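>>> Next input, structure requested:
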Amino acid sequence: MKYGMVTGILLFAFATGAVAESTRIGFVDTERILRESEPALAAQKKIDKEFAVREQEVKALAKQLRDAKANLEAKAATFSEAQRRIQEREIANLNLLLQTRQREFREDLSLRQNEELARILARADHAIRGIAESEQYDVILQEAVYRSQKVDITEKVLKYLAGEQAEPAGK
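Residues are numbered from 1 along each chain as shown. Have a look, this model is predicted:
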């Protein structure tokens, strides 16, 4: 019984080893694609340009709030109690408006970044599939605890996304 089980395990190990030798595996560093690819860089520039005006508005509102606080501190001694309360209410309203605008800005920016991220990942997946099919990879991994440089095809994907290759070879 034990002998049969050991033999079975050894046969399985040898069979798996034979299959593993003929299996072609690749790896893609997704984070690098999202950092360095031309579509990712172009998307970041597009988003920066798209949100520049709103970012400046938020910064101007923050400056207005700082100035109002500084003005109140500087002139607090000369204000009547009623004037001081009016100024404090205006500062509280400005603060609330600033917080609202900052939150809206962050949410809209995050939504826009996620939209672009989805587009980039879809293009990267298309590139990876094309490379895998044309170069006959059996498996392409996008996350791994360890990988050898010899299986890393990230550079090929970056070139594909840059338009250096209209389509992977063989398509």
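
>>> Which other helices and strands does the helix or strand containing Ala92 contact?
Assigned by DSSP states H and E, Ala92 falls within helix 81-134. Applying 3 or more Cβ pairs under 8 Å, 6 or more residues apart in numbering; DSSP states H and E, we find helix 81-134 packed against helix 30-36, helix 38-75, strand 139-141, helix 154-162. Any C-beta I mention is one placed from the backbone N, CA and C, and that applies to glycine too.

>>> Mind listing what's buried along the first one?
Spelled out, it's helix 30-36. Buried residues in helix 30-36, counted by 16 or more other Cβ atoms under 10 Å: Thr30, Ile33, Leu34.

>>> Tell me which residues touch the closest residue in space to the second one that isn't next to it in sequence, please.
This means Ile33. Closest residue to Ile33 apart from its sequence neighbours, by Cβ to Cβ, 6 or more residues apart in numbering: Ala124 at 5.1 Å. Shown in contact with Ala124 (Cβ atoms under 8 Å, 6 or more residues apart in numbering): Val28, Thr30, Ile33, Ser37, Val157, Leu161.

>>> Apply 7 Å and report the result again.
Shown in contact with Ala124 (Cβ atoms under 7 Å, 6 or more residues apart in numbering): Ile33, Val157, Leu161.

>>> Pass me the low-pLDDT residue ranges in this structure, would you?
Within the chain, the segments meeting pLDDT under 70 span 1-21, 164-171.

>>> so how many other residues sit close to the spatially closest residue to Arg54 that is not a sequence neighbour?
Among residues not flanking Arg54 along the chain, Phe105 sits closest, at 5.5 Å (Cβ to Cβ, 6+ apart). Counted with other Cβ atoms under 10 Å, residues neighbouring Phe105 total 15.

>>> Settle this for me: Phe105 is touching Val58, isn't it.
Yes - counting by Cβ atoms under 7 Å, Val58 is a contact partner of Phe105 at 5.5 Å.

>>> Just the C-alphas of stretch 41-58, formatted as CSV.
Taking Å, rounded to 0.1, in the frame of the first residue of the first chain, the C-alpha atoms of stretch 41-58 are listed here in CSV:
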residue,chain,number,x,y,z
LEU,A,41,1.2,59.1,-18.5
ALA,A,42,-1.2,60.7,-21.1
ALA,A,43,-4.2,60.0,-18.8
GLN,A,44,-2.5,61.6,-15.9
LYS,A,45,-1.7,64.8,-17.9
LYS,A,46,-5.3,64.8,-19.2
ILE,A,47,-6.7,64.5,-15.7
ASP,A,48,-4.3,67.2,-14.3
LYS,A,49,-5.4,69.6,-17.0
GLU,A,50,-9.1,68.7,-16.5
PHE,A,51,-8.9,69.4,-12.8
ALA,A,52,-6.5,72.3,-12.7
VAL,A,53,-9.2,75.0,-12.6
ARG,A,54,-11.0,73.3,-9.7
GLU,A,55,-7.8,72.7,-7.8
GLN,A,56,-7.0,76.5,-8.1
GLU,A,57,-10.5,77.3,-6.9
VAL,A,58,-10.1,75.1,-3.8
